[in-house]
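Predicted model, plus sequence, below.
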Amino acid sequence: MNSAGNYSKAKNSPPKPLLIHDAPQEQINEQHLHHLWAEQSLKSLAMKTIDGKNVSVGFPGFWNKSDGPDFKEALIQLDNNMIKGDIEIHLYSSDWFRHKHEKDSRYNKVILHVAGWLDSDKKFVVTSGGKKVPQLILAPLLEKEFEEIDHFLEMSHYSEKNARFGGVGACSRLCLNPSFKEPFERFLEKAGEERLYNKANAFRLKRKDVGYDEILYEGIIGALGYHKNYLPFIKLAESVPLSLLRKILSGLEAKEAPLILQAIFLYQANLVPPSKAEYDKETNQYLSELHRAYCQVSLPDRPFVFWNLKGTRPANYPARRIAGMSRFLAGCLQDGLLNTLLRCYENPNPLSRLKEYFNTKDNDYWLRHATFGGKTLKKPMALVGAGTIQTIEVNVIIPILILYARETENKKLAESLVQRLKTYPPLPENYITKFMQYRLFADKAKSSREFSRTAFQQQALIQIYRDFCARGFEGCQSCGLVKWLSSGR
């Protein structure tokens with residue numbers, strides 16, 4: 001059986017996804033926008049309604065899985081007015097009227113209409129009671145961030161209950177049939193390869209005007225933020241480009257680099273407390289060292305970033321991640337990120353080498369702290385944990401190195417990286433993998449585990465989600481996967 005050809009044929013059999021004339025070639029649907037709103041992943045961006053009011057979100061609301069507005073009892077601020085009510089989300093601004101919400105009293109408590117794209121000349125929508133509702137349009141806000149929407153979903157950790165809202169798919173009865181096990185395994189493998197090469201191609205597009213080191217730098221620092229602080233970390237990297245860091249560190253001794261880098265990143269991120277704040281002796285000494293280091297460099301204006309700490313474990317706070325990134329860069333900048341990482345993969349255990357680069361045995365303030373002046377930890381804690389480094393390796397490092405291997409025609413390196421991913425232990429579950437396990441295998445835990453034993457299989461499930469489950473609103477009856485499985489191949 002030609003699995004590669006069959007995967008492409010199955011993927012392309014559903015109706016074409018809705019593509020927006022002024023949006024990237026990305027499969028965006030309402031579900032994506034719901035998750036962005038629920039997680040408030042865009043909170044760091046300056047949001048304005050069409051009529052020019054500043055929007056800040058105190059609480060996104062309770063996600064409503066029944067009829068009526070998408071989010072209930074939200075709390076938002078429009079300029080200086082705090083308002084409580086419901087939120088309705090659509091792909092297009094005109095969908096409000098297309099769905100006849102202006103005639104439905106259930107939408108009378110809506111305080112904000114959020115839409116992906118503006119396709120009408122209306123600044124407001126109206127309720128059945130005649131109330132004007134302001135509109136927030138996401139497309140102009142997101143710009144290039146639209147290509148990262150799947151990243152938010154992939155990095156989001158949702159409960160199993162929330163992952164089940166889509167129900168069991170029509171494909172489930174076929175996936176659970178023992179006679180389909182072998183062809184489905186091959187299908188899954190091709191989906192995983194497609195996911196991997198799609199990631200590599202996405203990085204190739206980013207590399208048009210920059211080198212491998214630059215895309216590694218931005219990719220790694222973004223991944224350190226997970227879904228909640230991904231955009232703030234990207235903005236931080238953009239404000240301090242790698243070329244500037246190289247220039248600042250040139251001529252310095254290697255031992256000086258970590259502190260200089262921490263000072264640069266922490267000040268640019270607006271994470272350093274005011275100088276008049278009083279802390280313990282250790283913290284005050286560290287702050288003095290940061291200030292002296294910061295005064296030695298000339299930096300561009302600081303970006304406005306909002307750090308989302310809600311629900312974030314102290315071990316994963318931005319300052320600690322910055323300390324880990326500083327250690328990594330201090331060890332890589334002299335030879336370059338690409339060359340350093342290529343050497344890591346000459347090692348029988350590249351993960352152990354990566355852990356060494358992101359962490360330190362030296363005396364670092366952040367080994368025993370999560371915040372400035374916070375409680376001192378009894379034991380040193382890794383600046384970047386093993387799970388985070390594994391996530392970075394799977395989602396950033398391996399795809400970029402595969403891109404490099406393919407562009408330099410290094411077949412041996414490419415094959416070794418693909419093989420490493422195929423045997424890589426599974427990453428922590430995210431919303432999509434949980435959703436797909438239930439979608440394909442219902443409550444059959446054994447089958448679910450059998451097809452998500454490795455990070456590669458998890459990536460395959462994400463690709464199947466993107467190519468089938470998230471392709472508009474055609475539903476299972478038009479799904480190419482169901483048709484392919486039903487044909488008995």
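Cool, got the structure.

Between the two ends of stretch 379-394, how far is it?
With Cα to Cα, to the nearest Å as the measure, stretch 379-394 spans 29 Å from end to end.

quick one: least confident helix or strand in the protein?
Least confident element among the helices and strands of the chain, by mean pLDDT, DSSP states H and E: helix 149-154 (a mean of 53).

List the contacts of Leu78.
By Cβ atoms under 8 Å, 6 or more residues apart in numbering, the residues touching Leu78 are 49, 53-55, 112, 134. Yep, even glycine has a C-beta here, placed from its N, CA and C like the rest.

wait, which of these is closest to Pro425?
Checking those against Pro425 with Cβ to Cβ, the nearest one is Val55 at 41.6 Å.

That closest one should be in a strand, yeah?
Yes. Judged by DSSP: H, G, I helix; E, B strand; the rest coil, Val55 forms part of a strand.

show me what contacts the spatially closest residue to it that is not a sequence neighbour?
Using Cβ to Cβ, 6 or more residues apart in numbering and skipping the chain neighbours, the partner closest in space to Val55 is Met47 (4.0 Å). Met47 makes contact with 54-56, 136, 141, according to Cβ under 8 Å, 6+ apart.

just Val240 next, same as before
Val240 touches 264-265, 268, 299-300, counting by Cβ under 8 Å, 6+ apart.

For Ile83, state which of these is nearest.
For these, the residue nearest Ile83 by Cβ to Cβ is Gln268; the value is 33.6 Å.

wait, isn't that closest one in contact with Tyr294?
No. Using Cβ atoms under 8 Å, Gln268 is not in contact with Tyr294, being 9.4 Å away.

Which pair of the contacts of Leu78 spans the longest distance?
Asn54 and Leu112 (12.4 Å).

Just the buried residues of the contacts of Met47.
Among these, those scoring as buried are 55, 136 (criterion: 16 or more other Cβ atoms under 10 Å).

tell me the two of the contacts of Met47 that are most distant?
Largest separation among those by Cβ to Cβ: Ser56 and Leu141, giving 13.4 Å.

Would you agree Lys122 falls within a strand?
No. Going by three-state DSSP, the assignment for Lys122 is coil, not a strand.

count of residues packed around it?
16 (other Cβ atoms under 10 Å).

Likewise for Tyr279?
Counted with other Cβ under 10 Å, residues neighbouring Tyr279 total 14.

from what I can see His34 touches Ile87, true?
No. With contact defined as Cβ under 8 Å, His34 does not count as touching Ile87 (9.9 Å).

So those two - more neighbours on which side?
Remark: of His34 and Ile87, Ile87 carries more neighbours, 26 against 16, as counted by other Cβ under 10 Å.

give me the element Leu136 is part of.
Secondary structure from DSSP states H and E places Leu136 in strand 132-137.

Format the CA atom coordinates belonging to that strand as CSV.
Presented in CSV, the C-alpha positions along strand 132-137 are these (Å, rounded to 0.1, in the frame of the first residue of the first chain):
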residue,chain,number,x,y,z
LYS,A,132,-25.0,48.4,20.4
VAL,A,133,-22.2,45.9,21.0
PRO,A,134,-18.6,46.9,20.1
GLN,A,135,-16.5,44.6,18.0
LEU,A,136,-12.9,43.4,18.4
ILE,A,137,-11.3,42.2,15.2
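
Quick one: distance of that strand to the chain centre.
The chain centroid and the centroid of strand 132-137 are separated by 27 Å under Cα atoms, centre = their mean, to the nearest Å.

just checking, what packs against the longest strand seen in the chain?
For the chain, the strand reaching the highest residue count under DSSP state E is reported as strand 81-92. Packing contacts for strand 81-92, counted by 3 or more Cβ pairs under 8 Å, 6 or more residues apart in numbering; DSSP states H and E, involve helix 30-39, strand 71-78, helix 95-98, strand 110-117.

about what we covered before: show me the contact partners of the strand holding Leu136.
Contacts of strand 132-137 (Cβ under 8 Å, 6+ apart): 47-51, 53, 55, 78, 93, 110-118, 122-127.

Find the one among the helices and strands packed on strand 81-92 with the highest mean neighbour count.
Most buried of these by mean neighbour count (mean count of other Cβ atoms under 10 Å) is strand 110-117; its value is a mean of 23.

by contact count, what packs against that strand?
helix 30-39, strand 71-78, strand 81-92, helix 95-98, strand 132-137.

Provide the strand pairings for it, with the direction of each partner.
Sheet pairing of strand 110-117 (DSSP bridges) gives strand 81-92 (parallel), strand 132-137 (parallel).

Could you list the residues in contact with it?
Strand 110-117 has contacts (Cβ under 8 Å, 6+ apart) with 20, 22-23, 28, 30, 33, 37, 49, 55, 69, 74, 76, 78, 83-93, 95-96, 101, 125, 127, 133-139.

Next SSE downstream of it?
strand 124-126.

for that next one, the distance to its chain's centre please.
Centroid displacement of strand 124-126 relative to its chain, using Cα atoms, centre = their mean, is 32 Å.

The strand holding Leu136 to strand 71-78, inter-axis angle?
Interaxial angle of strand 132-137 relative to strand 71-78 (axes from the mean of the first three to the mean of the last three Cα atoms, to 10 degrees): 90 degrees.

Can you check what angle separates strand 132-137 from helix 30-39?
Computed with the same axes, to 10 degrees, the direction of strand 132-137 lies at 100 degrees from that of helix 30-39.

Just the buried positions in strand 132-137, please.
Buried residues in strand 132-137, defined by neighbour count with 16+ other Cβ under 10 Å: 133-137.

Could you identify the least confident member of those residues?
The member of those with the lowest pLDDT is Ile137, at 91.

and that residue, how far is that from Lys48?
In this view, Ile137 and Lys48 are 9 Å apart by Cβ to Cβ, to the nearest Å.

Same question for Arg466.
Here the criterion is Cβ to Cβ. By it, Arg466 lies 30 Å from Lys48.

for Lys206, same thing?
28 Å.
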